[in-house]
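Asker: would you be able to build a 3D model of this:
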Amino acid sequence: MPNRFDPMAPNVTVLGAGIIGICTGLSLLEQGASVRLIDKNDPGQETSFGNAGVISPWSIVPQAMPGVWKKIPGWLIDPLGPVSVRPSYLPRLASWGLKFLANGTEARVRDISAAMDTLNQDCISLYRHHLHGTGHEDLVRDSYYIHAYRDAEGARLDSLDNELRSAAGADLERADGDRLRELEPDLSRDFKSAIVIKGQARALSPGRIGQVLSEKFLQMGGQIERAKVQSIAPREDGGWRYVTDLGEHTTPKLVLAMGVWSAEFLKPLGVHIPLEAERGYHVNFTSPGIALNHSIMDVDMKFVASSMQDGVRVAGTAEFGGLDAPISEKRSAGLVTLAGKLSPKLNTEAYSTWSGQRPSLPDSLPCIGEIDGLPDLITAFGHSHWGLMMAPKTGRIVADLATGAKTNLDLSPYHPNRF
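Answerer: You can find the predicted model right below:
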C-alpha cells in the first residue's frame, strides 16, 4: 500500500483511540500497515473505560426486543428505572425511537442477533491474543454471567433471548435457591432464581486494558498523536485530508472510530446516520466489603455489577439528552441505591462515580465499512453497549478492509448506508 502523500505519514490513520481504535491499530500492524491513532484524550480512557467489564461471546441480544415498547413508559417514570429521556430532547429522539421500535420484531431480532454473534463470538480469544506478551494477561478472567431475577418465573431457558444464546452455542443453567447462593453468597435473597451464562470472561479493569494495549501498539511501531480532530474531507486525487488543532494532514486510508462523535464529521459530506448519544453511568465502590465471583445483571433494573481491581463496579442506565447534556447526579445516586439492593452486605459509603456517552444506533449494530461514494474512508463506530466486546473483531475486519484482505464475512448488516 504505497503512500503517495507525506513520506512520513502512515498508510492508515485511525481517528479515535478508544478500544475500537486501539484494536484496529493492533490488527493493522499485524497485517504490515503503518498506523497512526489520533485522539484528544489518552488512549482507551473514554466510553469503554466505564464499561461493566463483561466480555461475553453470548451478548447477542439486541436492545429492541418484542414487547419492549410495553416496558418503556414504566421505565421512564421510575426515577430508578434503566432509561431516562430529558423532556426537552423528546422531539429530537422521536425519529430514532421509531426506528428502534421497528427493529423489535422477532424476525429482525433474529437477524440482528446473528450479526452480533459474528462480532462477539471470538472476543475472549482475541483479547487474550492482543494481551499475550504484555505481562498483563490476567486482566481478562474466566467467569460466568449471572442474570438474576426476583421473580423466579422470569428465569426461563426457553425465552427468546436465551433461545438465541443456546442456538449460538451458549451453555446455560438455571440456578435456584441454594445453587444461586453457592455461586454468589453475597447476592440479596430477594433474588429467587437466575440464568447462568457460562463460557464468559470479565475485564478486571477496562481502562487498564486500554492502556496496556496502547503501549503494545507503540512497541509494535504504531504512532499515537494527542490532537483534537476538527474536520475530514476527501482529496480529489484519492485519499483523505483531516484537520486537527495541530494542523492539516493527508492519509491514503482513514478510519473513523470516534464513537458518539463520529456522525458529526460525516454531516458536512452529506451523510446522515441516526447515531444517538446514550449516556451511561457507573459507580465504583472502593471498600466494598464483598467480592462477587462473577458478573451479575439485575434483570429487573438492567444494571451490571462486577468485582474489579479497584473495587466493585456497578454500571448501567441509558440517558438520552444529546451530546451536550450535563451529567445527572441523580442517576449516579440511583445506582448507589440499586447496588445496595443487589447486595445488603455491600459497603456503599465509599465510592467514585463516572459517566460517558455510548454511540447507539437503532438496530443495535455498529457501522463498519466504507460509505458509498467515499472510498478509502472506513467507518468503525456505533457499538453501543457492546464496544468492549466487539472491539477485537471489529479491528480485524477494519484491518482486512484497509489492506484489501478478504474478510469472508457478510458485512451488509453493518453497512453505514443501511439507514
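
Asker: quick one, helices of the protein?
Answerer: For the chain, the helices defined by DSSP state H occupy 19-30, 68-77, 90-102, 106-120, 123-131, 160-167, 177-183, 206-219, 262-266, 329-342, 387-403.

Asker: out of these, flag the one nearest L246.
Answerer: For the helices of the chain, proximity to L246 was assessed by CB to CB; helix 262-266 is nearest, at 16.7 Å. No exception for glycine: its C-beta is placed from N, CA and C like everyone else's.

Asker: one step back: and the helices of the chain, which one averages the lowest pLDDT?
Answerer: The weakest mean pLDDT among the helices of the chain belongs to helix 68-77, with a mean of 84.

Asker: tell me the helices and strands packed up against it.
Answerer: strand 83-85 (3 or more CB pairs under 8 Å, 6 or more residues apart in numbering; DSSP states H and E).

Asker: so what secondary structure elements neighbour the strand it packs on?
Answerer: helix 68-77, strand 311-320.

Asker: from these, which stretch is densest packed?
Answerer: Of all the helices and strands packed on strand 83-85, strand 311-320 has the most neighbours on average by mean count of other CB atoms under 10 Å, namely a mean of 24.

Asker: quick one on the thing from earlier: kindly reformat the helices and strands packed on strand 83-85 as CSV containing distance to M220.
Answerer: As requested, the helices and strands packed on strand 83-85 are arranged in CSV below (distance: least, CB to CB, whole Å):
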stretch, distance to M220
helix 68-77, 43
strand 311-320, 30
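
Asker: between those, which one is nearest to L335?
Answerer: Closest among the helices and strands packed on strand 83-85, using CB to CB: strand 311-320, at 5.3 Å.

Asker: for the closest one, list the C-alpha coordinates in PDB.
Answerer: Only the C-alpha atoms of strand 311-320 are listed here, as PDB (Å, rounded to 0.1, in the frame of the first residue of the first chain):
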ATOM      1  CA  GLY A 311     -13.500  -2.400  44.000                       C
ATOM      2  CA  VAL A 312     -17.000  -3.400  42.900                       C
ATOM      3  CA  ARG A 313     -18.300  -1.600  39.900                       C
ATOM      4  CA  VAL A 314     -22.000  -1.100  39.200                       C
ATOM      5  CA  ALA A 315     -22.800   0.200  35.700                       C
ATOM      6  CA  GLY A 316     -25.900   0.800  33.700                       C
ATOM      7  CA  THR A 317     -28.700   3.200  32.900                       C
ATOM      8  CA  ALA A 318     -29.400   4.800  29.500                       C
ATOM      9  CA  GLU A 319     -30.000   8.500  29.500                       C
ATOM     10  CA  PHE A 320     -30.900  10.300  26.300                       C
END
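
Asker: what's that strand packed up against?
Answerer: Checking 3+ CB pairs under 8 Å, 6+ apart, strand 311-320 ends up next to strand 83-85, strand 276-285, strand 303-308, helix 329-342, strand 351-360.

Asker: CA atoms only for the last one - export them in CSV, please.
Answerer: The one in question is strand 351-360. What follows is strand 351-360, C-alpha atoms only, in CSV (Å, rounded to 0.1, in the frame of the first residue of the first chain):
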residue,chain,number,x,y,z
TYR,A,351,-17.3,5.3,46.1
SER,A,352,-16.4,7.2,43.0
THR,A,353,-18.6,7.9,40.0
TRP,A,354,-18.1,8.1,36.2
SER,A,355,-20.2,9.0,33.2
GLY,A,356,-19.7,8.6,29.5
GLN,A,357,-21.5,8.6,26.2
ARG,A,358,-22.3,5.4,24.3
PRO,A,359,-22.7,5.7,20.5
SER,A,360,-26.1,4.0,19.8
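
Asker: between that strand and helix 206-219, how big is the angle?
Answerer: Strand 351-360 runs at 60 degrees relative to helix 206-219, counting by axes from the mean of the first three to the mean of the last three CA atoms, to 10 degrees.

Asker: before we move on, what about the fourth one?
Answerer: Between the axes of helix 329-342 and helix 206-219, defined by the same axes, to 10 degrees, the angle is 110 degrees.

Asker: could you list the buried residues of helix 329-342?
Answerer: Under the neighbour-count criterion of 16 or more other CB atoms under 10 Å, helix 329-342 has R331, S332, G334, L335, V336, L338, A339, G340, K341, L342 buried.
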